[in-house]
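Peer 1: Sequence first, then the predicted structure, then my questions.
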Amino acid sequence: MKLLSLDRNENLYGPAPACLDALRGTGMEELSLYTRNYLHGTKSVLSERLAADTGIPERQILLGNGSEDLLKQAVHCYLRPGATMLLPEHSWWYYHSVAAEVEGISVRYPLRDAGDRYAYDAQPIIDLYDEHAPGVILIASPNNPTGNSIPSETLEEVIHHCTDAVVVLDEAYHGFAGDGHERIVEFVAMHPRVIVLRTFSKFYALAGLRIGYAFVGKGLERLITYSARYLGFNRVSESVALAALDSTAYYSAMARQMEADREEYYRTLAGVPGLTCYRSDANFVLVRYNPGARKEIEATLTSRGIIVKFLSEPGLQDCLRVTLGTPEQNALVLGAFSVSRTARLHTPIAPIPVSP
Ligand SMILES: Cc1ncc(COP(=O)(O)O)c(C=O)c1O
């Protein structure tokens, strides 16, 4: 049986055809020669392009081996041993791990369960900032695994108050839901200690390329210097990434389809008693199930070759995260949920018709 892996938030629509063309068109130049961009004082063609697209100065745009790499660099630069990093209570496990690498202490701030979605509130973050004087505040928008974004006003409140911390905004899942963060350019211009992480892995379906980027405030000179690479970056990856940026029609259509895919999840799972599907701005959804039904759900999915992520962290032990696939793949998953015991356990048994 062919396995369907929906546990790592990869984008199963795949990249725009122009990306594969760019790869096929790779020649001796990209493979054998270093970039010469440093001759005119920039990092690469890609950072130049991102600067032109956003209006953020090229010097404040960093490139890395995925956004994971830039996150690590930022934390290693700005989190001292024994200092605190604030992070969402439900979030990507790697944040805690990278803080631990530098002997930092992770302190989690709450996310509010608003019934059909999770939500960020500024006040708990501000209170913990006042209490712990953190070196780094991590905010993920959309957040993994809850799928919710931080509204611009909430983000602004946090940034305005927490002026001594480096605020890292992880936007790895940027792009899947229209977008709430057009003001990011303004934030980066206004706030010297903000870092916005983005990636080609998720929305652009190029996780295998390992290419991420960051917009950083002017006050983060140490990180700008630390992440500079004299001999440049991966030129093949960059040419594919440029092709992705040029393929707006393909990616807009994909985002529209994915929005419909998410709606299909909400609609179908709302009809399965015992399940709550949280609203998401990303390419995955969080589903809470009746804890008694876990074995049955797992067995049903496994018997159909479907792999999802069962969560084990406090507060989410009765949740799983499913990456959205293509409509056909989603139909397989939704079909499996619909026949699972969760439904049967809770569906009222229809009365036996009595003959007149
Ligand atoms: C919230 C979040 N940030 C960042 C990443 C890293 O992505 P990449 O290193 O591929 O850019 C991931 C990967 O799953 C993620 O879930």
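Peer 2: Perfect, thanks for sending it. Numbering: from 1, shown residues only.
Peer 1: Do I have it right that Cys277 meets Ala270?
Peer 2: Yes. Using CB atoms under 8 Å, Cys277 makes contact with Ala270 at a distance of 7.0 Å. To be clear about C-beta, it is placed using only N, CA and C from the backbone, and glycine gets the same treatment.
Peer 1: more crowded one of those two?
Peer 2: Taking neighbours as other CB atoms under 10 Å, Cys277 and Ala270 compare with Cys277 leading, 22 against 12.
Peer 1: Show the backbone phi and psi for that one.
Peer 2: phi -100, psi 120 (degrees, to the nearest 10).
Peer 1: I'd like the average pLDDT over the longest helix seen in the chain.
Peer 2: Longest helix in the chain by number of residues (criterion: DSSP state H): helix 248-270. If you average the pLDDT over helix 248-270, you get 96.
Peer 1: same check, this time on stretch 154-166
Peer 2: The average pLDDT for stretch 154-166 rounds to 95.
Peer 1: ok, back up a step: in the longest helix of the chain, what's buried?
Peer 2: 250-251, 254-255, 258, 261-262, 265, 268-269 (16 or more other CB atoms under 10 Å).
Peer 1: Quick one: list the elements packing against it.
Peer 2: Helices and strands touching helix 248-270, by 3 or more CB pairs under 8 Å, 6 or more residues apart in numbering; DSSP states H and E, are strand 275-277, strand 284-289, helix 327-339.
Peer 1: who does the shortest one pair up with?
Peer 2: Taking DSSP bridges as the criterion, strand 275-277 pairs within the sheet with strand 284-289 (antiparallel).
Peer 1: Convert the partner strand to PDB, retaining C-alpha atoms only.
Peer 2: Listed in PDB are the C-alpha atoms of strand 284-289, where the atom choice follows Å, rounded to 0.1, in the frame of the first residue of the first chain:
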ATOM      1  CA  PHE A 284      -2.800  22.000   8.000                       C
ATOM      2  CA  VAL A 285      -5.600  21.700  10.500                       C
ATOM      3  CA  LEU A 286      -5.700  20.800  14.100                       C
ATOM      4  CA  VAL A 287      -8.400  18.300  15.100                       C
ATOM      5  CA  ARG A 288      -9.500  17.500  18.600                       C
ATOM      6  CA  TYR A 289     -11.100  14.100  19.100                       C
END
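Peer 1: Identify each buried residue in the following helix or strand past it, please.
Peer 2: Next along the chain after strand 284-289, taking DSSP states H and E as the criterion, comes helix 294-303. Within helix 294-303, the residues that count as buried by 16+ other CB under 10 Å are 294, 296-298, 300-301.
Peer 1: Output the residues you listed in CSV, with pLDDT appended to each entry.
Peer 2: Formatted as CSV, those follow (pLDDT from 0 to 100):
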residue, pLDDT
Arg294, 92
Glu296, 91
Ile297, 94
Glu298, 94
Thr300, 94
Leu301, 95
